[in-house]
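*Asks:* Fold the stuff below for me.
(one chain, ligands or ions: 1)
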Amino acid sequence: PGGQPEAEERDGGPAGSPASMEPLLVVRGVERSFDVGSQKLRVLKGIDLELKPQQLVMLKGRSGSGKTTLMNLMGGLDVPTQGQIYFRGQPFHEWDDNRRTKIRRKDIGFIFQAYALMPLLSAYENVELTMRMAGVPRSQWKARATECLEMVGLAKRMHHRPFELSGGEQQRVAIAKAISHRPSLILADEPTAELDSQMAAQVMAVFREIVATENISICMTTHDTTIMEVADHVYEMVDGVFV
Ligand code: ADP
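*Replies:* I've put the predicted structure just below:
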């Protein structure tokens with residue numbers, strides 16, 4: 001009573017081993033090819049990656065090296081041509097679209113570069129919308145949306161609409177949205193790309209804090225070498241492989 005909302009079965013690990021020791025996400029030998037005309041374009045050529053709870057990892061690499069393709073696989077938006085992806089020990093790569101979508105809504109938060117906040121909704125309403133979509137009970141919306149916006153330093157801007165906020169503030173609304181339904185994984189594609197260095201540092205500070213306090217793991221792509229020291233691990237992708 002009063003504990004875990006749901007006891008997930010977890011594969012692997014001896015009984016009683018702390019959940020925090022088990023990886024949240026395992027990518028093993030993953031390849032992804034696309035048919036382009038009569039050609040096969042090999043984009044990912046054997047990727048291995050492990051993301052543990054409360055880890056913040058970064059993917060760097062030139063444009064076109066395959067980072068977004070990998071993130072789409074990690075988030076269950078796509079399935080690999082070869083290899084395996086385990087999310088909480090469950091074989092994501094074997095699941096149909098419906099099942100992946102369910103997990104995605106509930107347990108994964110996405111932050112994209114040009115994050116489309118709903119322009120007519122306030123910051124607060126934008127966060128509420130994410131919770132509604134994720135199936136969070138209505139009774140929790142107000143307290144949780146407020147809490148998330150406070151966490152990203154927007155307590156005083158909650159009722160502003162996106163156009164009344166700076167780029168950095170909009171990005172922080174996007175973060176508040178992404179954490180609002182308490183996912184265990186956040187995938188962020190170039191979350192600091194459009195921010196100046198001070199705002200980028202602020203966003204990274206928020207990331208570090210939510211990794212610690214909200215028990216969230218983050219995988220993000222970036223080109224920005226100045227923020228890389230914040231990561232627990234940086235993977236560099238060149239032409240579909242990590243170097
Ligand atoms: P990055 O995020 O590192 O810039 P991407 O993963 O977006 O790289 O793209 C890697 C390569 O895969 C690019 O050459 C891109 O054109 C190609 N690619 C990505 N998705 C598709 C697709 N659905 N169909 C065909 N080619 C794709």
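*Asks:* mind checking how far F112 is from R182?
*Replies:* According to CB to CB, to the nearest Å, F112 stands 20 Å off from R182. Placement of C-beta: from N, CA and C, glycine included.
*Asks:* Of those two, which one has the most company?
*Replies:* Between F112 and R182, R182 has the larger neighbour count (other CB atoms under 10 Å), namely 18 against 15.
*Asks:* Would you double-check that that one falls in a helix?
*Replies:* No: R182: not assigned to a helix; according to DSSP: H, G, I helix; E, B strand; the rest coil it is coil.
*Asks:* Cross-check the contact I'm expecting between it and E214.
*Replies:* Yes: here R182 reaches E214: they are 7.0 Å apart, a contact under CB atoms under 8 Å.
*Asks:* Contact partners for the residue lying farthest from the centre of the chain?
*Replies:* In the chain, S38 marks the outermost C-alpha relative to the chain mean, sitting 33.7 Å out by CA atoms, centre = their mean. Residues near S38 by CB atoms under 8 Å, 6 or more residues apart in numbering: none.
*Asks:* per-residue pLDDT, it?
*Replies:* pLDDT recorded at S38 is 93.
*Asks:* And S17, by the same measure?
*Replies:* 42.
*Asks:* try I210
*Replies:* Here the pLDDT value assigned to I210 is 89.
*Asks:* And for A174?
*Replies:* pLDDT, A174: 92.
*Asks:* wait, it sits on L117?
*Replies:* Yes: using CB under 8 Å, A174 is in contact with L117, at 6.6 Å.
*Asks:* More neighbours: which of those two?
*Replies:* Legend: neighbour count by other CB under 10 Å for A174 and L117, higher for A174 (27 against 21).
*Asks:* ok, the more buried one - contacts?
*Replies:* Contact analysis of A174 by CB under 8 Å, 6+ apart lists 111-112, 115, 117, 191.
*Asks:* hmm, which two among those residues are most spread apart?
*Replies:* Pairwise distances across the contacts of A174 (CB to CB) peak at 13.6 Å, for the pair L117 and P191.
*Asks:* The longest helix seen in the chain packs against which elements?
*Replies:* When the chain is parsed with DSSP state H, its longest helix is helix 197-213. Identification of packing neighbours for helix 197-213 by 3 or more CB pairs under 8 Å, 6 or more residues apart in numbering; DSSP states H and E yields strand 56-60, helix 138-151, helix 167-180, strand 217-221.
*Asks:* if we go to 6 Å?
*Replies:* Applying 3 or more CB pairs under 6 Å, 6 or more residues apart in numbering; DSSP states H and E, we find helix 197-213 packed against helix 167-180.
*Asks:* Direction included, what does whichever helix or strand comes after the helix it packs on pair up with?
*Replies:* Next helix or strand after helix 167-180 toward the C-terminus (DSSP states H and E): strand 185-189. Strand pairing for strand 185-189, determined by DSSP bridges: strand 108-111 (parallel), strand 217-221 (parallel).
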